[in-house]
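In: Just the structure for this:
(chains A and B)
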Amino acid sequence: MKIHEYQAREILQQAGIPIPPGEVIESIDEAAAVFKSVTKEAGTDFAVIKAMVHAGGRGKAGFVKLIHSAEEATEAARFMLSNKMVSVQTGPEGLDVSKLLIAAGVGIDHEYYLAITTDRGARRNVLIASREGGVEIEKVAHENPDAILKQHIHPSMGLQPHQARRLAFDLGFKGKQINQAAKIMIALADTYEKRDCTIAEINPLIVTPPSSDHPDGQVLAIDAKFNFDDNALYRQKQVAAMFDPAEEDPGEMRAKKFDLSYIPLDGSIGCLVNGAGLAMATMDIIKHFGGDPANFLDVGGSATEEAVTEGFRIILSDENCKGVLVNIFGGIMRCDVIAQAIANAAKEVGFEVPLVVRLEGTNVEEGRAILEEAKSQIPTMQTARDLGEAAEMVVAAVG
Amino acid sequence: MSILINANTKVICQGITGAYGALHTKGCLDYGTNLVGGVTPGKGGTKDANGLPVFNTVQDAVDGTGCDATMIFVPPPFCGDAILEAAEAGIRLICAITEGVPVADMVRTRAALDEINSGRSASERIYLIGPNCPGIISPGPHTGSGESASDPYTNAGCKIGIMPGYINTHVSESESGKAVGIVSRSGTLTYEAVWQTSNMGLGQTTCIGIGGDPVRGMGFIDCLELFEADAETAGVLMIGEIGGTDEEAAAEWAKANMSKPLAAFIAGRTAPPGKRMGHAGAIISGGEGGAESKIDALKAAGFAIAETPADMGVAMAHAMGLAPAATA
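Out: Residues are numbered from 1 along each chain as shown, chains lettered A, B, ... in the order given. Okay, here's the model as predicted:
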């Protein structure tokens, strides 16, 4: 699960990680006053205003702006709250923006990168840090792997102060910055663990120029990104409450209600499968034969007939869907459940587009018998003996 | 022969009275697994629907039945605890089927399990398969209908988990007279691979679904090592997917240590980037984790690569010199 930047700021604050003052607004009238209060609190004369959406490409779309006066704040807020944001990631229809973050601008002496994630290979959490922050970390990892420092974290001891201090020294922090940076690292590692994150990233972590209050500068988190383990949301009530349904694809939301998982894509073939690996493999073979999936609906192992029928409704409501491939290898999922759901969907919605069905595994004979009986009512249905044949058939049928 | 389990393996089910535990306890009994009981705390002393004894703790089950393997169906919040309970009771093979276990739980559970295993020899080692996996099966010859425990599908096989049994072939019933080992990160793709190898005239010694969770028990290398040492396993088919670097590591290990014919398929070659893989995952692996890097590493280690998921059986048979390469 992803959250908004203003929510990430709340999590940082609760962890005791210092951030520049900022506030969320939802109307144009609030902009001027908030600009004045956050800049006053930080003792600066500028701020940044950002649209709170998950989609990337905000800067280019004009939805992240530096503002230097109350008038500019009002102007930027008007633009962001009255226009749809259109970027490469949103598609041409764009997104409505309802919340804006205004955060005080700060002077920056240097930008660092800091993140915690789980290292699958080492089976431990790992802290990743770099002196080259503020840029795409993938690029740094690729071009200058030595600039990336790592520290694995003991599963029961957590990140140790001496480990954090050593990293702070290695990253080039000086004087009082050392303890500030080490404290932030420990707090971030602690939060990662406590809140069941799958990524906790501060980019950039900055040092401000020296001032009379802070002769060595101040270490601050400017922007943060958190992702959470969906499997642990049952014990993360505060995180679960941050979920924003407006950011989700409506098909995905409908699927979730029935414990199905739905992935919308750009092609023309709707796919109903069981299992994530089989979904990926089905996509591979459709592309191998020159087709392109419109979506994937993974019914998993335990879906009921009603849930699978809903799955077909979701697939068929995608207007790009010009044909449907059902590829099921039943283990826990029984083929008769799938076949009955096909028959139900045929009655209720109707398969106007070509339908190719490949069933194998648990209760396959019962499933085939159900399809045989329903065949006369589903004129667009073909059955395939194996995965290769099924993929070829559906690609040919879609044309 | 087979690895890890055979017809003599005595199996219990943790969570035997839950909906899934009960369903698959019956499925395993119908297949012919020597399932001897189960555990549900608070229901000790009762019998399950099949007349098997239910115990309060795994230790009670071990003492009462002499079991040496377990399959776990408890709900996700309790899975890590169930794994460690089995390990502390001395169960040698722990198969966690449960899906949806938090990653943080598995980081801690795996660390604790590694501690229990440290200093143990290979024969004393506790093996964990999963979580979030279909389980493990060593097929036996087809001797019955498989519709009830009194008329099981085989009298000499063992299935621990949720996979369909009938798609597997015992070596004595394979056309080629040869059997392969199968190891896979994906559940349903495992069935696909089993089915295809059976259709190519191959049997299977043992098939293991190791599960797709980021932190889990056995990995590819653990399984390859056991398959290499098993006299009857004539080849190994490995099914990986994008994400992580396990396949690259397995390729490197196999190059140095495997003498048997090898085949592999990697799922997700055409998956849109960023849909499932996290940013930091890519950093740790230094740009690895994509399908091409895995396929290149596997090819370099001598694996025959199935270009599509429909060619897994063909690729395995081809690697063993039993069939021409796929023409797709």
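In: how about the nearest residue to the residue in chain A that chain B sits nearest to, chain neighbours excluded?
Out: Sorted by distance to chain B under Cβ to the nearest Cβ, the residues of chain A start with A:Gly277, at 2.2 Å. In this view, the C-beta of every residue, glycine as well, is placed from N, C-alpha and C. Excluding its sequence neighbours, the residue lying closest to A:Gly277 (Cβ to Cβ, 6 or more residues apart in numbering or on different chains) is B:Ser186, at 2.2 Å.
In: so who does residue 316 touch?
Out: All of this is about chain A. A:Leu316 is in contact with A:Gly270, A:Val324, A:Ala345, A:Val349, A:Phe351, A:Val353, counting by Cβ atoms under 8 Å, 6 or more residues apart in numbering or on different chains.
In: Chain B is the one I meant
Out: Residues in contact with B:Met316 (Cβ under 8 Å, 6+ apart) are B:Val180, B:Gln196, B:Thr197, B:Met200, B:Leu202, B:Gly235, B:Leu237, B:Pro261, B:Ala263, B:Ala304.
In: Among those residues, name the ones in strands.
Out: B:Val180, B:Gly235, B:Leu237, B:Ala263, B:Ala304 (DSSP state E).
In: If we check chain A, which of those residues are in contact?
Out: The subset of the ones in strands among the contacts of B:Met316 within reach of chain A, by Cβ under 8 Å from any Cβ of the partner chain, is empty.
In: picking up where we left off before, distance check, the residue nearest to A:Gly277 against A:Val140.
Out: According to Cβ to Cβ, to the nearest Å, B:Ser186 stands 32 Å off from A:Val140.
In: coming back round to it: of the contacts of A:Leu316, keep whichever come out buried.
Out: The neighbour-count test (16 or more other Cβ atoms under 10 Å in any protein chain shown) marks A:Gly270, A:Val324, A:Ala345, A:Phe351, A:Val353 as buried among those.
In: Mind listing the strands the helix or strand hosting the first one pairs with, and their directions?
Out: Secondary-structure assignment from DSSP states H and E places A:Gly270 in strand A:269-273. Applying DSSP bridges, strand A:269-273 is found paired with strand A:293-298 (parallel), strand A:323-330 (parallel).
In: give me every residue that touches the closest residue to chain A within the stretch 51-200 of chain B.
Out: Using Cβ to the nearest Cβ, the single residue of the stretch 51-200 of chain B nearest to chain A is B:Ser186, 2.2 Å away. Residues counted as contacts of B:Ser186 (Cβ under 8 Å, 6+ apart) are A:Gly275, A:Ala276, A:Gly277, A:Leu278, A:Met280, A:Ala281, B:Gly209, B:Gly212, B:Ile239, B:Glu241, B:Ala267.
In: Please convert those to a markdown table, extending it with secondary structure.
Out: Converted to a markdown table, the contacts of B:Ser186 look like this (DSSP: H, G, I helix; E, B strand; the rest coil):
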| residue | secondary structure |
| --- | --- |
| A:Gly275 | coil |
| A:Ala276 | helix |
| A:Gly277 | helix |
| A:Leu278 | helix |
| A:Met280 | helix |
| A:Ala281 | helix |
| B:Gly209 | strand |
| B:Gly212 | coil |
| B:Ile239 | strand |
| B:Glu241 | strand |
| B:Ala267 | strand |
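In: any idea how far the residue of the stretch 51-200 of chain B closest to chain A is from B:Ser148?
Out: 31 Å.
In: From the structure, what's the count of residues near residue 201?
Out: If you meant another chain, say so; for now it's chain A. Counted with other Cβ atoms under 10 Å in any protein chain shown, the neighbours of A:Glu201 add up to 25.
In: let's do chain B instead
Out: Residues within reach of B:Gly201, counting by other Cβ under 10 Å, total 16.
In: Provide a list of residues in contact with it.
Out: Residues near B:Gly201 by Cβ under 8 Å, 6+ apart: B:Ser174, B:Glu175, B:Ser176, B:Ala317, B:Leu322.
In: Selecting buried members of those in PyMOL, what would you type?
Out: Per 16+ other Cβ under 10 Å, the buried members of the contacts of B:Gly201 correspond to this PyMOL selection:
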select buried, chain B and resi 174+176+317+322
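In: For A:Arg123, state which of the contacts of B:Gly201 is nearest.
Out: The closest of the contacts of B:Gly201 to A:Arg123 turns out to be B:Ala317 (Cβ to Cβ; 35.1 Å).
In: tell me the secondary structure for the closest one?
Out: Of the three states, B:Ala317 takes helix according to three-state DSSP.
In: and the lengthiest helix in chain B, average pLDDT?
Out: Using DSSP state H to assign secondary structure, the helix with the most residues in chain B is helix B:103-117. Averaging pLDDT along helix B:103-117 yields 97.
In: Over to stretch A:65-73?
Out: Stretch A:65-73 comes out with an average pLDDT of 96.
In: With only the CA atoms kept, save it in CSV.
Out: Extracted C-alpha coordinates of stretch A:65-73, given in CSV (Å, rounded to 0.1, in the frame of the first residue of the first chain):
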residue,chain,number,x,y,z
LYS,A,65,6.0,24.8,-7.8
LEU,A,66,8.4,27.0,-5.8
ILE,A,67,6.4,30.0,-4.4
HIS,A,68,7.9,33.3,-3.1
SER,A,69,4.9,35.2,-2.0
ALA,A,70,1.3,34.8,-0.7
GLU,A,71,0.1,35.9,-4.1
GLU,A,72,2.1,33.2,-5.9
ALA,A,73,0.8,30.7,-3.4
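In: Centre of the chain to that stretch, how far?
Out: Counting by Cα atoms, centre = their mean, to the nearest Å, stretch A:65-73 is centred 30 Å from the centre of its parent chain.
In: Buried residues of that stretch, list them for me.
Out: Buried-residue list, stretch A:65-73, by 16+ other Cβ under 10 Å: A:Lys65, A:Ile67, A:Glu72, A:Ala73.
In: Looking at those residues, which is nearest A:Ala224?
Out: Taking Cβ to Cβ as the measure, A:Ala224 lies nearest A:Lys65 of the buried residues of stretch A:65-73, at 19.8 Å.
In: got the phi/psi numbers for B:Thr154?
Out: Backbone geometry at B:Thr154, expressed as degrees, to the nearest 10, gives phi -140, psi 150.
In: The one 3 residues further on now?
Out: Backbone torsions of B:Gly157, given as degrees, to the nearest 10, read phi -130, psi 180.
In: That one: what's its closest spatial neighbour, skipping adjacent residues?
Out: Closest residue to B:Gly157 apart from its sequence neighbours, by Cβ to Cβ, 6+ apart: B:Gly140 at 2.7 Å.
In: B:Pro75 now?
Out: Nearest residue to B:Pro75 in three dimensions, chain neighbours excluded: B:Thr98, at 7.0 Å (Cβ to Cβ, 6+ apart).
In: I'd say that neighbour and B:Cys79 touch.
Out: Yes - using Cβ atoms under 8 Å, B:Thr98 is in contact with B:Cys79, at 4.4 Å.
In: okay, and the common contacts of the two?
Out: With Cβ under 8 Å, 6+ apart as the test, B:Thr98 and B:Cys79 both reach B:Ile72, B:Pro131.
In: Please name the residues that touch A:Ala343.
Out: Counting by Cβ under 8 Å, 6+ apart, A:Ala343 touches A:Ile370, A:Leu371, A:Glu373, A:Ala374, A:Gln377, A:Ile378.
In: Of those, which is the most crowded?
Out: Top of the contacts of A:Ala343 by neighbour count (other Cβ under 10 Å): A:Leu371, with 23 neighbours.
In: So what's the gap between the helix or strand containing it and the chain middle?
Out: Here A:Leu371 sits within helix A:364-374, counting by DSSP H and E. How far helix A:364-374 lies from its chain's middle: 39 Å, per Cα atoms, centre = their mean.
In: same question, stretch B:212-222
Out: When distances are taken as Cα atoms, centre = their mean, stretch B:212-222 is centred 10 Å away from the chain's centroid.
In: Same check on stretch A:143-150?
Out: Going by Cα atoms, centre = their mean, where stretch A:143-150 is centred and where its chain is centred differ by 25 Å.
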